[in-house]
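Colleague: 3D model of this:
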Amino acid sequence: MLTPAEAEAYEAPLRALGGMQPSPPGEVGQAENEYIDRGAGLARVKGQIRSSWIIDPPDGRIPWSAAALARRYDVFPPVQGLGNPEERIGPERCLASVAGGAPMVGAPDSNHFQVLTTRDAVVILSEKYHDARIVRLSVGRDVPPMPRSWLGDSVGWWESGTLVVETTGFHPGVTSRGFLMFATGATHVVERFTRLGPDELFYEFTIDDPVLFTRPWRAEMSFPAAKGRIFEYACHEGNYSLRGILAGARREEREARVAASTP
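Modeller: As a prediction, the model looks like this:
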């Protein structure tokens, strides 16, 4: 937790740039693109100023295993192949579950969620990529598992005024969730949703995965109510640019063939 004075020292330059990080000294321009939706300040959770969502471990850091730490950029490398659409990253192709699924760690932009409740299920709709996660409600926790999927299999139950959701059954292998967040077939997530008031939802999650982490870790955040409606996140930018990316790869191949055939 930070003091109000410490928070103000950090937030003042962010507000001046609309939430963007200032550039390093001596560099011209802004450090990030304007479309990234970071907000203009630190998080407030239950009235406390937070510098990290993570509350356990106390240092606020993800307890990566040595194997996962060594392979992070093998799974989600900084630069991907240019020759085939299958080699391009999921978010660029509008196919990734960056904002949807468990845990709900957010995305670079379009971080709106809509929660729909029925007698038998809770549906959590994310604006980005419009993923709809269906949480099957159960009096007990003994329900038949669903087939493995990118978003996992979520089962929920009520504990007084808190919705508890347990998610397993993620797709085998390693799936990138963005921001160096991953899920594997062994990932186990427990979420807790508690309404603190008409305009605030308190969210907690614990994630455990012996492949990725040395121990379970826990985070919490506050979801304020949005002031407007959710509109369709019509992801198409990557689809348009993908044509140019692949055309460039085909041109490089033609030029290489010409160079190879020239005496």
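Colleague: Who are the contact partners of Arg133?
Modeller: Residues near Arg133 by C-beta atoms under 8 Å, 6 or more residues apart in numbering: Gly100, Gly101, Ala102, Val123, Ile124, Leu125, Ser126, Leu151, Ser154. Quick note: C-beta positions are derived from backbone N, CA and C, even for glycine.
Colleague: quick one: which of those is most hemmed in?
Modeller: Ala102 (27 neighbours; other C-beta atoms under 10 Å).
Colleague: All the helices of the stretch 51-200 of the chain, in order from the start?
Modeller: 66-75 (DSSP state H, counting those that start in this stretch).
Colleague: for it, what spans make up the strands?
Modeller: Assigned by DSSP state E, counting those that start in this stretch, the strands in the stretch 51-200 of the chain fall at 54-56, 113-117, 121-126, 132-137, 153-159, 162-168, 174-176, 182-184, 188-197, 200-208.
Colleague: How is Leu242 classified with respect to secondary structure?
Modeller: Of the three states, Leu242 takes helix under DSSP: H, G, I helix; E, B strand; the rest coil.
Colleague: if I pick the closest residue to it other than its chain neighbours, what's in contact with it?
Modeller: In space, and not counting its chain neighbours, Leu242 is closest to Pro85: 6.1 Å by C-beta to C-beta, 6 or more residues apart in numbering. Contacts here follow C-beta under 8 Å, 6+ apart; on that basis Pro85 touches Arg93, Leu242, Leu246.
Colleague: Let me know the closest of those residues to Pro224.
Modeller: Comparing the contacts of Pro85 against Pro224 with C-beta to C-beta places Arg93 closest, at 31.0 Å.
Colleague: any idea how far that closest one lies from Ala260?
Modeller: 31 Å (C-beta to C-beta, to the nearest Å).
Colleague: More neighbours: the two, which one.
Modeller: Ranked by neighbour count (other C-beta under 10 Å), Arg93 and Ala260 place Arg93 first, with 14 against 7.
Colleague: correct me, but that one touches Leu242?
Modeller: Yes. Arg93 is within contact range of Leu242, at 7.0 Å (criterion: C-beta atoms under 8 Å).
Colleague: which regions of this protein lie under the pLDDT threshold?
Modeller: By pLDDT under 70, the weakly predicted segments of the chain are 1, 17-22, 28-40, 72-80, 89-91, 96-97, 139-141, 178-179, 236-239.
Colleague: mind giving me the domain ranges of it?
Modeller: Per the record, the chain has its domains at 1-51, 53-237, by automatic domain parsing.
Colleague: Go through these and pick out the most buried.
Modeller: domain 53-237 (a mean of 16; mean count of other C-beta atoms under 10 Å).
Colleague: Next up, the contacts around the closest residue to Phe213 other than its chain neighbours.
Modeller: Distance criterion C-beta to C-beta, 6+ apart; nearest residue to Phe213, sequence neighbours excluded, is Pro63 at 5.1 Å. Neighbouring residues of Pro63 by C-beta under 8 Å, 6+ apart: Pro57, Phe213, Thr214, Arg215, Trp217.
Colleague: my read: the third one touches Arg61, true?
Modeller: Looking back up the chat, that one is Thr214. No. Thr214 lies out of contact with Arg61 (C-beta under 8 Å); the separation is 11.1 Å.
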